[in-house]
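> Here is a sequence together with a model predicted from it:
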Amino acid sequence: MKVDKSVLKQIGLKTLNTIIPVLIAFAIGSIVILFAKENPLNIYFILFDRSFFRIQGFLKTLHYAGPLILAGLAIALSFKSGLFNMGIEGQIVSAGFVVAVLGYRWQSLPSITLIPLLLVSGILVGVLVALLPAFLKARYNVNEMVVTLLLNYAIVQILEYLTSNVFRDPSSGYVSTNMIGQSAIMTRLLGSKLTLFFFVVIIVFVIFYIIFNHSKLGFEITAMGKNRFFAEATGMRIQKKIMIIMLTSGALAGLAGAGWMLSEKFSYTLDFSGTPGLGWDGMLIALLGSHSPIGILIAGIFYAVLKTGSSNIAIFTNVPAEIIVLLQALIVLFLSLKSILKIKPIPVGKLFQRKEKS
Amino acid sequence: MDFIIKILSDSLYFTGPILLCTLGGLFAYKANMINIGLEGMMLFGGFISTLVLFFTHSWIIAFISALILAILLGMLFSYFGVTKKANFIITGFAINLLAIAIGKYTLAALGRIDINVIADVTRSMASIDLGIIGEIPIIGPIINNQSFLTYLSFVLIFVVQFILFKTRFGTYVRVVGESEEAARSIGISISKIKYFAIIIGALLCAFAGYNVAVNQLASYTPDITAGTGFIAIAAIYCGQGNPKNSSLYAILFGISRSLAVNLSLRIGVIAGLLEMIPYIMIIIVLTVVGIIRKRKTLYRGFLHE
Amino acid sequence: MKKVLIVLFSVFALFLLVGCNNIDAGDIKVGLIVSAAGANDNGYNQFAIAGLNQAKEEFGITTQVVNTADDVPGSIETLAEEGFNLIFSLEYNFSALITDDGSGKSIAEKYPDTVFVVFNAFANTTTGGAKIHENVIEVLFNVNEGSFLAGALAVLVNENHNLLFTSNNYNFTPTTTARAVGFVGGTQSDGISVFGYGFAQGVNHIASELDVQYSLYETYAAGFGASTENYNMINSYYTAGANFVFAAAGGVSTNMKNAAAANKKLAIDVDANQDASVPGSVLTSVLKNTNVAVYDIIEQYLDETLESGKHVFYDLASGATGITDLSVIEGYISTEAAAQTKWAEIKTRINLLATQISNGTIDVIDAQAGEVLNYSTLTHVTKAN
C-alpha cells in the first residue's frame, strides 16, 4: 500500500491526540501529589522504572496486559461499529466463574487437553452471555447499551450467590470457589509471571488485526460505525452483522476472563476482576488506542504499567495508591475530547478506494 | 397487612433518589445528549454535601455546595460534550470514574473510611412527620416519614412534565433533540439549550446524592449510590424520556428494590438473588416494549431509538 | 602467621557468638500489607500498623506498610524480593503464597528464609490438618468468644433497659412487646459466621438462664459497602423490635450505627473500639486487636523464639480479643443508684462469663475451625427470618 503523506500526518496527529490527554492527566496528578508532599517526578519514576524498564517487571507487565488487550479489542470491535456493548465486564466475570468451576471439576485431565478446553469454555460463556443483548438488539432493536449495563449488575448478583452458596469452597474462610486443579494452571515462563496465555493473546491479536484491517468484515464494521443508514443502503445485512459483532466481542471477553482465571486468579472470588474491573479497563484501553488494534496493543501495555506500578507506588512511597485511579479517570476524561488537535475526517469514499487497491 | 404497608413505604424511600436522577437525566436525553454520568454526578453530590456538613455543621451550606458543584460538573460535561463535541458517552463515563476516584482519594488523604454526619442530621432532616395526613389509615403509614427531597421528587414529575411540554424552554429542548437543523433554522441557540438541559440534570442528581447521603444514610462512602444513576438511565430509556412514563419505570425500580430488601427479611440465604430483580425486570420490560414497537412499525435495521 | 590466624579466628568466633546471641534488629525488615478496608479503617489494619510502629520504635527495625489491595500476591513477592525478613499480609489472598501459581514454586517456597504471616484462615493447613510450609504462620483471633460476650451483654442490658437508661435518650421496644436482636453478616463465610454463631450462643446463654424467648433477625448477605438497601434492612430489624443489632460487615457498620441512632437504640460493632464513633449508639465492639499479634510476632522473631509453621490463636485471655471496656456507654447509664448497681452487676457477670470461657466451662462454637452451629440447640433463640 502506498503511504500517503496526509495519512502519515493523520497518524501523527492521532498519536498526539492520545498522548496529550495522558500528559494533561499526569500534570494534574502531579499537583495532587504535591499536595501529598511528595515529588511527582519521583513517583512517576517509580511507576515506570519497575514495571517497564526492568526485564522481570516488564514481563510481569506483559502478563497483566494480556486480558486487558483482549478486553480492549472486545470493546473496540463493538464501539467501532456503533454498538455500545457495555457488557464486557459481565462477560469476563461469567467466563472466569465457569472456568473456575470446570477447572476444579475436570482437574484429572492432563494440562494439554484441559487448558485448551477451558479456554474454549470461557469463549463459549462469553458468547452465551452476549447472546441475549445481541439477539434483542438485532431482532427487536432493544437498546444494547442499557441491556448490557443492567445485565452486568444482574450477573454480579447471580455470581455472588453462586460463589457464596452453591459453588463455595467450604474449607475457605472467605467467599471463593474451589481452586482450579494444578493441571489447569498455566505454566510460567522465563522465571517471570508471564504464561503461554500472553502468546494466545498475541495470536488472537494478529488474527484480529488481519480481519479488522484487511477483510470485508473489518471494512463493513467501520462503515457501520461511520454511517449506519449508508452502510445499510450498500446492501449490508445489518441484523446479521450485529449478531456477529456482539458475539465476537463476547468471545474475546470470555477468553480474557478464562485466561485471567488460569494464569492469575485460580479461584473465583468476588473481586475477581478488580476495581473498576477488567471490562471497564478495556474501555479505557480501547479509547486510548483510538479503537485501532495496534493502538490497543500499546495502550494495553501502558495501562498494565499503571496497574503494576500502582502496587509499587503503594510499596515504595507514601502517596495513596488511589492516585492511580485518579489518573485513570482524568485520562478518560481528556480522552473523550477525541480531537484536541483537529483531524480532517477521511471521507467514506476514500475508504472504498483504499479497499479496492489492497 | 403491615408487611405490605412496609413494602410500599420502602418503595417510596427507594424511589426518591432514582426519580430525581431520572427526571434530571431526561432533559439531556430529550436534547439528544445521553448523560452516562448521572451516577457520578449523584455521587459527587453526596460526597460534597457530607464533606461540607461534616466540617461546617450547616446543612444549608452543605446543600448549596452540592448545587454549586453540580453546576460546575454540568458545565464541565457540557463544555466537553457540546462545545468541544467530545464523545459524551465517554465524558459521562469519566465523570463516574472521577467521582469514585476523588471520593476514595479524599477519604485516604483524610485518613477516614467514611464521612459520618449523623451528629448533624436532625430528625426532621431524615424524615418529615406529615401530622394529620399520617393518621389516615393505610395511606398514612405508607407516605408518612419520608425525607423532604423524596416528597419533592414526586412533585417534580408534574413540574418536569409541565416544563417540558408547556414552556418555551421545554419546547426548545425537544426541538433540539428532534432536529438540530430545524432548531437552527428557527434561531434557537442549540448549545445554550443543551447546556441548560445538562445542568438541570446535574442539579437534580445533586439532589439525589444529598437525599441518599444526608437524609437517608447520614454518611458517605464511595458505594452509596449503588447503581442508582444507571437505573435512572434505564428508566429514561424505557419511558423514552417522557416524564410520566420514565417516572413510572423509576417507581417500578423503587418497588422492586423494596421487594428485594423486604422479602430477604423472610427468606434468608437466597435473598442475595432477589437483588437482581430490578435489573432483570427492566430488561424484560424493554424487550416487551421492543416487540410491541416492532409489530407496530416497519423495521429496517437501526431506526430511531 | 599463626598469630594472625588465631586473631582472625577469634574475631570470627566473636562474630559467631554475637550472631548467635540475637539478631541485629537494625538489619531486620518487616513488611505489612494492608487489606482492602484500607489503612485508616479504625480497626483491623490501623491496629496492625500501630503494632508495627510500636515494634519499630522499640526494636529499631525497618518497616514498610503497603497500602494496596490490587495485587496482594505481587506485593508479597516484591517485598520478599526486596529482602524483607518478616511479611504480614492482612488480606484474604493466599493462593500464590501457599500454592504453586504455575511458576513451579509457591512464593513461600521461593523465599524459604522469609517468614510470612497470614490472618484469619487456615491457609497453610491441608484438609488433613498438616501444615504446608514451615515459613508461614497463621494467626487466628477467637472473636467467637468476644461475640458471645456481646450477645450475653445485649440480653442482660435489654432485660434491664428500663432501669439502666432514661427514656428520653432511648426508645427501646419494651420486653413485653418483643424480645429481639439482629445480626448482619457481610457474606456467608466462616470468617463472618464466627461472629454470628458466637453472638447467637451468647444471647441464648443468658436467655435460657432467664427463661425468656428471643427472636434473632439475621442476614449473611449484606455485603461490605454501605447502601440504602442494607440501611433499610437494618432499620427494619430495629423497627421490628430488635433493640440491639450486631454487624460484621465492613462498611455496613456505619449504616448500622446511624440506624441505631435514628431509632434511639443500640448497635454492636466489630474489629476496633468503635464505641465513640457514634457516641451513645454503640453498646460495645468486639475487638480484634491486631496490634498485639503483630507486635508479639515481631518480638518473637527477634528473640528467635518464633516457632514457624504454626497457628497462633489469640483468645480472650491474650487480650487481643474480647469486647471493649464499656466506658463510653457507661456515660449514658442513668445516674440513679439502682441503675448503677445493676450496671455494675452486669459488668461483673460479663467478666465472669469471660473467665468461664477462658477456663473452658463455657464452650463457644468456632466457625473458623470449621465448627457449625446447629440452631436447634439454641433453646431460647428462634430465627425470625
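Yep, it's here. Nothing here was measured: the structure is a model prediction, and the numbers come from that model.
> what about the helices in the stretch 101-250 of chain B?
B:123-126, B:139-143, B:148-166, B:168-178, B:180-185, B:190-210, B:228-238, B:243-267 (DSSP state H, counting those that start in this stretch).
> repeat for the stretch 101-250 of chain C
Using DSSP H, counting those that start in this stretch, helices in the stretch 101-250 of chain C cover C:107-110, C:143-159, C:161-164, C:190-210, C:228-239.
> so which of those comes closest to chain A?
helix C:190-210 (4.7 Å; Cβ to the nearest Cβ). (Glycine included, C-beta is placed from N, CA and C.)
> now the closest one against helix C:143-159, angle please.
Interaxial angle of helix C:190-210 relative to helix C:143-159 (axes from the mean of the first three to the mean of the last three Cα atoms, to 10 degrees): 40 degrees.
> do helix C:190-210 and chain B meet?
No - applying Cβ under 8 Å from any Cβ of the partner chain, one finds helix C:190-210 out of contact with chain B, separated by at least 12.1 Å.
> got the CA coordinates for that helix in CSV?
Extracted C-alpha coordinates of helix C:190-210, given in CSV (Å, rounded to 0.1, in the frame of the first residue of the first chain):
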residue,chain,number,x,y,z
ASP,C,190,-16.6,-18.9,58.2
GLY,C,191,-14.9,-15.5,58.8
ILE,C,192,-18.3,-14.0,59.3
SER,C,193,-20.2,-16.8,60.9
VAL,C,194,-17.6,-17.0,63.6
PHE,C,195,-19.2,-13.7,64.9
GLY,C,196,-22.8,-14.7,64.2
TYR,C,197,-22.6,-18.1,65.9
GLY,C,198,-20.9,-16.7,69.0
PHE,C,199,-23.4,-13.9,69.2
ALA,C,200,-26.4,-16.2,68.9
GLN,C,201,-24.9,-18.5,71.5
GLY,C,202,-24.3,-15.7,73.9
VAL,C,203,-27.9,-14.5,73.5
ASN,C,204,-29.1,-18.0,74.1
HIS,C,205,-26.9,-18.5,77.2
ILE,C,206,-28.5,-15.6,79.1
ALA,C,207,-32.0,-16.0,77.6
SER,C,208,-32.2,-19.6,78.8
GLU,C,209,-30.9,-18.7,82.2
LEU,C,210,-33.7,-16.1,82.5
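> Who are the packing partners of it?
Here helix C:190-210 touches helix C:143-159, strand C:180-185, strand C:214-219, strand C:242-248, strand C:381-383, going by 3 or more Cβ pairs under 8 Å, 6 or more residues apart in numbering or on different chains; DSSP states H and E.
> and the angle for it with strand C:242-248?
Using the same axes, to 10 degrees: helix C:190-210 against strand C:242-248 is 150 degrees.
> Helix C:190-210: which residues count as buried?
C:190-208 (16 or more other Cβ atoms under 10 Å in any protein chain shown).
> what about residue B:8, is that helix, strand or coil?
Under DSSP: H, G, I helix; E, B strand; the rest coil, residue B:8 falls in the helix class.
> Need the pLDDT of the closest residue to it other than its chain neighbours.
Residue nearest to residue B:8 in three dimensions, not counting chain neighbours: residue B:142, with 4.6 Å by Cβ to Cβ, 6 or more residues apart in numbering or on different chains. As predicted, residue B:142 sits at a pLDDT of 86.
> next one: residue A:352
Looking at residue A:352, its pLDDT reads 36.
> now residue C:9
Reported pLDDT for residue C:9: 52.
> Starting from residue C:250, give me the distance back to residue C:336.
38 Å (Cβ to Cβ, to the nearest Å).
> let me redo that: residue C:119
For residue C:119, the distance to residue C:250 (Cβ to Cβ) stands at 15 Å.
> and if you look at residue C:327?
With Cβ to Cβ as the criterion, residue C:327 and residue C:250 are 25 Å apart.
> Between those two, which has more neighbouring residues?
Using other Cβ atoms under 10 Å in any protein chain shown, the more surrounded residue of residue C:327 and residue C:250 is residue C:250, with 24 against 10.
> which residue packs closest to the more buried one, ignoring adjacent ones?
Residue C:250 sits nearest to residue C:224 (Cβ to Cβ, 6+ apart), 3.5 Å away.
> One more: residue A:125?
Nearest to residue A:125 is residue A:95, by Cβ to Cβ, 6+ apart, at 4.3 Å.
> and that neighbour, what is it in contact with?
A:121-123, A:125-126, A:129, A:253-258, A:261 (Cβ atoms under 8 Å, 6 or more residues apart in numbering or on different chains).
> Take the residues you listed and keep only those in strands.
In strands, judged by DSSP state E, none of the contacts of residue A:95 are found.
> Which of those residues are buried? Put it as a ChimeraX command.
Buried subset of those, written as a ChimeraX selection, criterion 16+ other Cβ under 10 Å:
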select /A:121,122,123,125,126,129,253,254,255,256,257,258,261
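> circling back: can you name the residues that contact the residue nearest to residue B:8?
Neighbours of residue B:142 in contact, by Cβ under 8 Å, 6+ apart: B:5, B:8-9, B:12.
> tell me, what residue is most central in the chain?
This is for chain A. For chain A, the residue sitting closest to the mean C-alpha position, by Cα atoms, centre = their mean, is residue A:71 at 1.9 Å.
> oops, I was thinking of chain C
Closest-to-mean residue, chain C, Cα atoms, centre = their mean: residue C:288 / 2.7 Å.
> per-residue confidence for that residue?
Residue C:288 carries a pLDDT value of 86.
> One more: residue B:239?
As predicted, residue B:239 sits at a pLDDT of 86.
> Contacts only, for the closest residue to chain C within the stretch 51-200 of chain B.
Residue nearest to chain C within the stretch 51-200 of chain B (Cβ to the nearest Cβ): residue B:111, separated by 4.1 Å. With contact set as Cβ under 8 Å, 6+ apart, residue B:111 has these partners: C:39-40.
> so what's the residue in the stretch 201-305 of chain B positioned nearest to chain A closest to, chain neighbours aside?
Closest approach between the stretch 201-305 of chain B and chain A, counting by Cβ to the nearest Cβ: residue B:290, at 3.4 Å. What sits nearest to residue B:290 in space, not counting adjacent residues and going by Cβ to Cβ, 6+ apart, is residue A:140, at 3.4 Å.
> wait, doesn't the one you found sit right on residue B:288?
No - applying Cβ atoms under 8 Å, one finds residue A:140 not in contact with residue B:288, separated by 9.2 Å.
> of these two, who's got more company?
residue A:140 (18 against 12).
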